[in-house]
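[1] Have a look at this prediction, sequence included:
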Amino acid sequence: MKETNDAREARNTNGEIRAADGKNEMLKKAGIVGAIALVAFLLGFLPMWLSARTHENERDAAIKTLRPSVLQNTLATAAINARRGEFEQARQQTSDFYTDLRAELESEQSVFNARRTNQNRAADSGAARRNDYASGAKRRGGG
């Protein structure tokens, strides 16, 4: 009887090992399927993300270019309303214009900041040229 119990225990142990091997194989298969699904997802996601990013940058550039036109339109509408005698609407639109203009000038991404920076550079280089000319004249004794 002892042999039969030992044989049964060996069979159960082998059966348990086989069951564990089956679970490991299923986990490996599930991991492989999951990895393939992740790669497939990323292959579809990355081009769409890059495309969306490009369109977002184009949209932001268009909005930045449009801001001065919107301000000009607001001021023109206020002037037209003032000529028509609709002074309250003209006053409100003028107030909106100055509020929006202030916000635009204070924003870091303003179109006007780029223009102002370029004007400052031109003024600085002009001042530097005048100073160079004046210093040269002083050295020659003519200034």
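    Everything's here; your move.
[2] can you map out the strands along this protein?
    Counting by DSSP state E, the chain has no strands to list.
[3] Break it into its domains for me.
    Structural domains of the chain, as assigned by automatic domain parsing, span the residue ranges 2-109, 110-143.
[4] any idea of the mean pLDDT in the last one?
    Taken as a whole, domain 110-143 carries a mean pLDDT of 60.
[5] ranking the domains of the chain by mean pLDDT, which is last?
    Across the domains of the chain, the stretch with the lowest average pLDDT is domain 110-143; it has a mean of 60.
[6] mind exporting stretch 85-92 as CSV, just the C-alpha atoms?
    The C-alpha trace of stretch 85-92 is given here as CSV (Å, rounded to 0.1, in the frame of the first residue of the first chain):
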residue,chain,number,x,y,z
GLY,A,85,-24.5,108.0,-33.4
GLU,A,86,-24.5,104.7,-31.4
PHE,A,87,-22.2,106.1,-28.8
GLU,A,88,-22.8,103.5,-26.1
GLN,A,89,-21.8,100.6,-28.4
ALA,A,90,-18.8,102.6,-29.6
ARG,A,91,-17.7,103.3,-26.0
GLN,A,92,-18.0,99.6,-25.1
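[7] List the buried residues for it?
    For stretch 85-92, burial by neighbour count (16 or more other Cβ atoms under 10 Å) applies to residue 90. All C-beta atoms are positioned from the backbone trio N, CA, C, and that covers glycine.
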